[in-house]
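Student: could you work out the structure for the sequence below:
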Amino acid sequence: MTDVTIECIQGNIAHQPDMDAVVNAANAQLMPGGGVAGAIHAAAGPGLAEECRAKAPIKPGEAVITAAHDMPNSYIIHCLGPVYGVDNPSDQLLAGCYRNALKLAKQEELESVAFPAISTGVFGYPLEDALGIAVQTLREASPACPRLRRLRLVLFSDDDLRVCQAILDRT
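Tutor: The predicted structure is shown next:
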């Protein structure tokens, strides 16, 4: 069992230079889009889309890993979260994103991973519910990753950060 710290910050997921990997809230084709996927692809450069072509498509709950290209991290882990109210069971699919990302982190012997709030943007997942699933799943799955030391949830706004911090404080 490892001693893993889970923290939350307000910031840009594409600018987490102190983390081994960042997680992309990807679309099924792993291509640039809006939100997190757009920011990560812009920061990583065109080589990321080229590498992703061979790994797509993915299904809700799945995760794949690529190099980070022009980003300072070693890897990008791409997760396809569920569209709330469409992909069911949404809670299990969302938990699968975090679990599968940690499996890839274990495989690569990573010490730190930064996550966005998967599925809470255009996919419509209610923030508090999504972050509750994220924190619970990360706490349950992280002990299986012996090298892992830090997990970070990177939130878009100060309000999102307050919600996340409240969840961490009460769990």
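Student: in the helix ranked longest in the chain, which residues are buried?
Tutor: Secondary structure of the chain per DSSP state H: the longest helix is helix 90-107. For helix 90-107, burial by neighbour count (16 or more other CB atoms under 10 Å) applies to 90-91, 93-106. From N, CA and C alone the C-beta is placed, and that goes for glycine too.
Student: which residues touch it?
Tutor: For helix 90-107, the surrounding residues in contact (CB atoms under 8 Å, 6 or more residues apart in numbering) are 20-21, 23, 60-65, 75, 77, 79-84, 87, 113, 115, 118-119, 125, 129-130, 133-134, 136-138, 141-142, 144-148.
Student: from those residues, which land in helices?
Tutor: Going by DSSP H, the helices hold 129-130, 133-134, 136-138, 141 from the contacts of helix 90-107.
Student: return the member of those residues nearest to A37.
Tutor: A130 (16.6 Å; CB to CB).
Student: okay but that closest one is in contact with F123, surely?
Tutor: No. Contact criterion CB atoms under 8 Å: A130 and F123 do not qualify, at 9.1 Å.
Student: so which of the two has more stuff around it?
Tutor: A130 (25 against 22; other CB atoms under 10 Å).
Student: what's the burial count for the nearest residue to A26 once chain neighbours are set aside?
Tutor: Nearest residue to A26, sequence neighbours excluded (CB to CB, 6 or more residues apart in numbering): H78, at 4.0 Å. Residues near H78, counting by other CB under 10 Å, number 26.
Student: and H78, how far from A130?
Tutor: H78 sits at a distance of 17 Å from A130 (criterion: CB to CB, to the nearest Å).
Student: what's the burial count for V86?
Tutor: 10.
Student: residue ranges with poor pLDDT in the chain?
Tutor: Along the chain, segments meeting pLDDT under 70 span 1-2.
Student: can you map out the strands along it?
Tutor: 5-10, 21-25, 63-67, 75-79, 112-115, 150-155 (DSSP state E).
Student: packing partners of the shortest one?
Tutor: Translated: strand 112-115. Packing partners of strand 112-115 (3 or more CB pairs under 8 Å, 6 or more residues apart in numbering; DSSP states H and E): strand 21-25, helix 90-107, strand 150-155.
Student: let's have those in a markdown table, adding distance to E7.
Tutor: Output for the helices and strands packed on strand 112-115, formatted as a markdown table (distance: least, CB to CB, whole Å):
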| stretch | distance to E7 |
| --- | --- |
| strand 21-25 | 14 |
| helix 90-107 | 15 |
| strand 150-155 | 5 |
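Student: to C164, which of these lies closest?
Tutor: Between C164 and these, the tightest spacing by CB to CB is seen for strand 150-155, at 5.5 Å.
Student: helices and strands around that closest one, which ones?
Tutor: Packing partners of strand 150-155 (3+ CB pairs under 8 Å, 6+ apart): strand 5-10, strand 112-115, helix 127-141, helix 158-170.
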